[in-house]
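J.: coords below, sequence missing:
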């Protein structure tokens, strides 16, 4: 009796897992000429969900390619074995957005040496044994944000910096780039704190800043949820009108939506490169050569240009 | 005391003289002597709590703070650890299995004594050696298989094989047959014969009379921690053995008043409690009995007799795994949960208040009302005033001594803790009280109060079933006594014709009708 | 004899309440010293601290019930996540009336908790394992419901563009302050749940049974306590409080984040334990948990207003948790 009940529970669990797994199964009925393997390091982040969506949308435009998606769930070793599966399955091209450089370099090189072209997206691997790297430059975006803020504030004012995670490369780059961009101006960074990319944390930190400082001109957050959290804190204190909020990432349903709603003064795009990756993949598969290193262009979205698709940042 | 056996034996294997041991202020061994010669089986006999296990633990190096002299193979020894005893050639087969289930047979046999060359385990050698040893015991099993794949009887044999694998000359067997089937027991006895021929000495503890007389050469009896005597088996017939084991005078310190017997309070029919995973023999094997209102029925039995399990089975402790039917005041029901039993008017005072009687993290009041809480609440809400009043009244009538009723029960003495448990059960207004060792760990004064309470309760028409390992208490308080052995009833006595000797004989497994 | 009904004279100095209160006072004094140019002296700072800990406090309420039974609930953060996502979905996308959305969310939380409780009591599975499974499962469910994206007021249309819907009124209400801006609504919700928990533990039969099960499960069972049902109830209550927390979280973020509540279970456990409720079960209480919530809340607030770097924050928090627990452990 007891065993039966136990088995039933297991059955239900397995069924539930299958159900959720099957829901995302790819359409395999197409008559594609080429198969592309896409290895994503972590679908827990909205930005990476967006990256996959961009890849999928771009691929849907072309009948001759089919993309198989794999999610490594933030696990380096899992990503490595998923790469190995792609190699043994003999896909025609691999797009990988690696979790970490060092542990994934050998498996990328292995695929490359077997003659499978590899496009590395967003984060780098070491050495030269890959076909091409596509990514954006956080430092450049941070610097552009800094320069935009200096211009917006007329060269002086008080600013709060809500940092992502200072132990992560994007956090560091968005910080140093920003500091470079505001160099020489009369801006005062009166408060800075790590909010670990999370909105509730950003709100808490902003509350502290609001308690301490009477005049705050602008909040620069390393991502849009951070800027939004800061906005909510200011709104709760009735001070959201006197402060400007600037974020990074500009995902369509986050940063751009906030700009459109008038919450953020600006959001700087950190492009996923999904579309570019498919374009490069097609060129490679058609026998053309692509550049080894493609730096993605980034856009800034403000109230003025949000309906026109943003404005490309100058080089 | 000359060796009655092998006259050529120049020296004895073991000689323990004037052994004393106490736990705190309680003396458990007082001036005990024990010796063992090559080629003999020496039975160590005595009731529960006579001090047999303590003596064995001193011999095995488990207890290292006993006093007295111990000579092994003509050498004075002073064991500091179990390893010391093992290396002196002493091997103990404990009642509870000490094998590690997931490990293979050979790994168990060589546990702690692994053979290795250059740090590499010499596996093939150990497997071969294990197989050879097992063959000696007619055990045709693969030593590479995990121990827990085998039946409990085979495991017991493996345990014995393990104990004998390394040339032990002094072998202690503490109730080795409790989990064995009849053929396996025969096999064990054959092995014992072989061991005797090889010159080993065997110390054997058992609660079964027929076993004693089928293998004993000599018998030593302990009683209440004291050495009573040693005699050859021929010179110590069973009546005399039992006299030695019991031997004490009954004193009149137990004030059982004449019973006020009424109608049948509890009727138990065909109660069956299956065995456990480690010991598949049924714990209670189709037992039937009845108790009248106002009567105290004593249930005697040595360790492992199943008397405690019987009470738990009646109370529904084992849930649906126990079978049988119960009638309380004529109303029949199946005992399948404590909650249902309490509603029917049953109460069980368990034999270990610390593990399953009291909740140490609750105070006296909360413990006292735990089993009858619905009576002190309106719907979901507690009525603290009613609760504390009830607790105050009941603890007063039980003469419980405490600084405050809001104090945690772990600060109370054993006797007062026991009274809290009793308060809990009396507040459920039971028709039948099942008392399992109600005076265990309770001082003399409190014991008397508990006896008086039992008199009072029977006067109020409660039927009581009593288990106690103190024979005088059982004889004095019970109106009627049934005796259990290995899960079955072996005898029943009226108050007037029950004697310690008769009870012990029945408890040792000899069936006689009263 | 009436002497018996007075409290025992056990020294109040060593009671867990006194100790937790002592730790709180120490933290508070630290705040007074490092007051960040007077920021700590403003009521707004304390009000904001209370707002920030309310969600954790709600989780800690349920956690207290479960820990008193000798169990643990690792799934609180994930159930919060499900609740936050569903609440946003119901209010923003489905435009359900707020009371129906709230009731359905509470039922979801209750069901998740009851499921853990059933697995634990019916199949005798360790709470750690069962709630770990629920933690993973519920997080997966939250992501599945939301499609991995935050459910916000930016609603994607069929053609891929976004339409911006106004925030539901219930979000704004829960996210607001009352009593002339002196206290956040979420804090009031937290205090109400705290009160419910306190009544449950002290005044209801259920509460007594929770302590009895945590203190000695076998003794409780043999005393006729319906152990299995009570355990299921404890986990169900925990799930219910998680759902309340999820509703508060979603309202404060104005969106349902499927990642909401990630690792919150650790904070909730820390708050309960720092208060002085033992993980062994059987002893402790909701008052202690409130003290634990305040200790951690003030600690974070003080570190935040002084803009202490993340590295030092982690080190200090770790050290102070050990300190507070040691304070609880010190023998008489």
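T.: Now that the structure is in, tell me what you want to look at. Not measured: the values here are computed from a predicted model.

J.: For the nearest residue to residue B:326 once chain neighbours are set aside, which three-state class applies?
T.: In space, and not counting its chain neighbours, residue B:326 is closest to residue B:335: 5.2 Å by C-beta to C-beta, 6 or more residues apart in numbering or on different chains. (Glycine included, C-beta is placed from N, CA and C.) Per DSSP: H, G, I helix; E, B strand; the rest coil, the secondary structure class of residue B:335 is coil.

J.: how much space between residue B:335 and chain C?
T.: Using C-beta to the nearest C-beta, to the nearest Å, one gets 13 Å for the distance from residue B:335 to chain C.

J.: which sections of the stretch 151-300 of chain B are below the confidence cut-off?
T.: Scanning the stretch 151-300 of chain B for pLDDT under 70 picks out B:248-254, B:278.

J.: mind listing the strands for it?
T.: B:170-174, B:201-205, B:218-223, B:226-232, B:264-273, B:284-292, B:296-300 (DSSP state E, counting those that start in this stretch).

J.: okay, the ones you listed, which one's buried deepest?
T.: strand B:296-300 (a mean of 26; mean count of other C-beta atoms under 10 Å in any protein chain shown).

J.: List the strands paired with it, with their directions.
T.: Applying DSSP bridges to the sheet, strand B:296-300 is found paired with strand B:463-467 (parallel), strand B:480-485 (parallel).

J.: angle of it against strand B:284-292?
T.: Interaxial angle, strand B:296-300 versus strand B:284-292 (axes from the mean of the first three to the mean of the last three C-alpha atoms, to 10 degrees): 160 degrees.

J.: Okay, angle between strand B:296-300 and strand B:264-273 too, please.
T.: Going by the same axes, to 10 degrees, strand B:296-300 makes 20 degrees with strand B:264-273.

J.: following strand B:296-300, which helix or strand shows up next?
T.: Using DSSP states H and E, the next helix or strand after strand B:296-300 towards the C-terminus is helix B:307-315.

J.: Is that next one in proximity to chain C?
T.: Yes: residues of helix B:307-315 contacting chain C under C-beta under 8 Å from any C-beta of the partner chain: residue B:315.

J.: Next one: residue A:42, what pLDDT does it get?
T.: On the pLDDT scale, residue A:42 is placed at 85.

J.: try the one 10 residues further on
T.: With respect to pLDDT, residue A:52 has a value of 91.

J.: so what does the helix or strand containing it touch, helix or strand wise?
T.: Under the criterion DSSP H and E, the helix or strand holding residue A:52 is helix A:46-60. Helices and strands touching helix A:46-60, by 3 or more C-beta pairs under 8 Å, 6 or more residues apart in numbering or on different chains; DSSP states H and E, are strand A:34-40, strand A:65-71, strand A:93-97, helix A:274-285.

J.: And the last one, how far out from the chain middle?
T.: Taking C-alpha atoms, centre = their mean, to the nearest Å, one finds helix A:274-285 lying 18 Å from the centre of the chain it belongs to.

J.: Wondering if it reaches chain C at all.
T.: No: Helix A:274-285 lies apart from chain C when judged by C-beta under 8 Å from any C-beta; the minimum separation is 13.6 Å.

J.: contact partners of that helix?
T.: A:34, A:36, A:50-59, A:62, A:65, A:92-93, A:95, A:117, A:119, A:121, A:131-132, A:134, A:289-290, A:294, A:296 (C-beta atoms under 8 Å, 6 or more residues apart in numbering or on different chains).

J.: which of those residues are buried?
T.: Buried by 16 or more other C-beta atoms under 10 Å in any protein chain shown: A:34, A:36, A:50-52, A:54-55, A:58-59, A:62, A:65, A:92-93, A:95, A:117, A:119, A:121, A:131-132, A:134, A:290, A:294, A:296, out of these.

J.: Would you state the strands of chain C in chain order?
T.: Here chain C has its strands, by DSSP state E, at C:154-156, C:162-164, C:177-178, C:183-184.

J.: which intervals of the chain have sub-threshold pLDDT?
T.: Picking chain A for this. Low-confidence segments of chain A, defined by pLDDT under 70: A:1-31, A:314-315.

J.: Let me rephrase: I mean chain C.
T.: For chain C, applying pLDDT under 70 flags the ranges C:1-14, C:160, C:328-332.

J.: Where do the helices of the stretch 151-300 of chain A begin and end?
T.: Applying DSSP state H, counting those that start in this stretch to the stretch 151-300 of chain A gives helices spanning A:169-181, A:199-212, A:224-236, A:255-260, A:274-285.

J.: same check, this time on chain C
T.: Secondary structure of chain C (DSSP state H): helices at C:16-33, C:43-68, C:76-88, C:98-122, C:127-146, C:169-174, C:185-203, C:205-215, C:217-222, C:227-253, C:264-275, C:286-305, C:310-329.

J.: Could I get the strands paired with strand B:296-300 in a markdown table, plus columns for mean pLDDT?
T.: Shown next, in a markdown table, are these (pLDDT from 0 to 100):
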| stretch | mean pLDDT |
| --- | --- |
| strand B:463-467 | 94 |
| strand B:480-485 | 93 |
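
J.: Give me whichever of those strands is most buried.
T.: Most buried among the strands paired with strand B:296-300, given mean count of other C-beta under 10 Å as the contact rule, is strand B:463-467, at a mean of 27.

J.: name the helices or strands packed onto the next helix or strand after that one?
T.: Downstream of strand B:463-467, the first helix or strand assigned by DSSP H and E is helix B:471-477. Applying 3+ C-beta pairs under 8 Å, 6+ apart, one finds that helix B:471-477 contacts strand B:296-300, helix B:444-459, helix B:500-507.

J.: returning to what we had before: got a list of what the residue nearest to residue B:326 touches?
T.: Listed by C-beta under 8 Å, 6+ apart, the contact set of residue B:335 reads B:313, B:314, B:315, B:316, B:322, B:324, B:326, B:341, B:346.

J.: burial count for the second one?
T.: Burial of residue B:314, expressed as a neighbour count using other C-beta atoms under 10 Å in any protein chain shown, amounts to 26.

J.: and if you look at the last one?
T.: Neighbourhood size, residue B:346 [other C-beta under 10 Å]: 28.

J.: With the fourth one instead?
T.: Burial measure for residue B:316: 26 neighbouring residues, criterion other C-beta under 10 Å.

J.: now what about stretch A:101-113, what contacts it?
T.: Outside stretch A:101-113, the residues that reach it (C-beta under 8 Å, 6+ apart) are A:76-77, A:79-80, A:83-84, A:86-87, A:94, A:96, A:98, A:118, A:120, A:123-127, A:129-131.

J.: one more time with 10 Å
T.: A:37, A:39, A:41, A:72, A:76-77, A:79-84, A:86-87, A:91, A:93-94, A:96, A:98, A:116-118, A:120, A:123-131, A:169 (C-beta atoms under 10 Å, 6 or more residues apart in numbering or on different chains).

J.: Spatially nearest residue to residue A:273 (excluding sequence neighbours)?
T.: residue A:134 (4.5 Å).

J.: partners of the one you found in the sheet?
T.: Counting by DSSP bridges, residue A:134 forms beta bridges with residue A:121, residue A:294.

J.: Which residue, other than its chain neighbours, is closest to residue B:430?
T.: Excluding the flanking residues, the one nearest residue B:430 by C-beta to C-beta, 6+ apart is residue B:347, at 3.8 Å.

J.: Just say helix, strand or coil for the one you found.
T.: With three-state DSSP as the basis, the three-state label of residue B:347 is strand.

J.: Which pLDDT does the model give it?
T.: 95.

J.: Test my guess that it contacts residue B:431.
T.: Yes: in this structure, residue B:347 is within contact of residue B:431 by C-beta atoms under 10 Å, at 8.8 Å.
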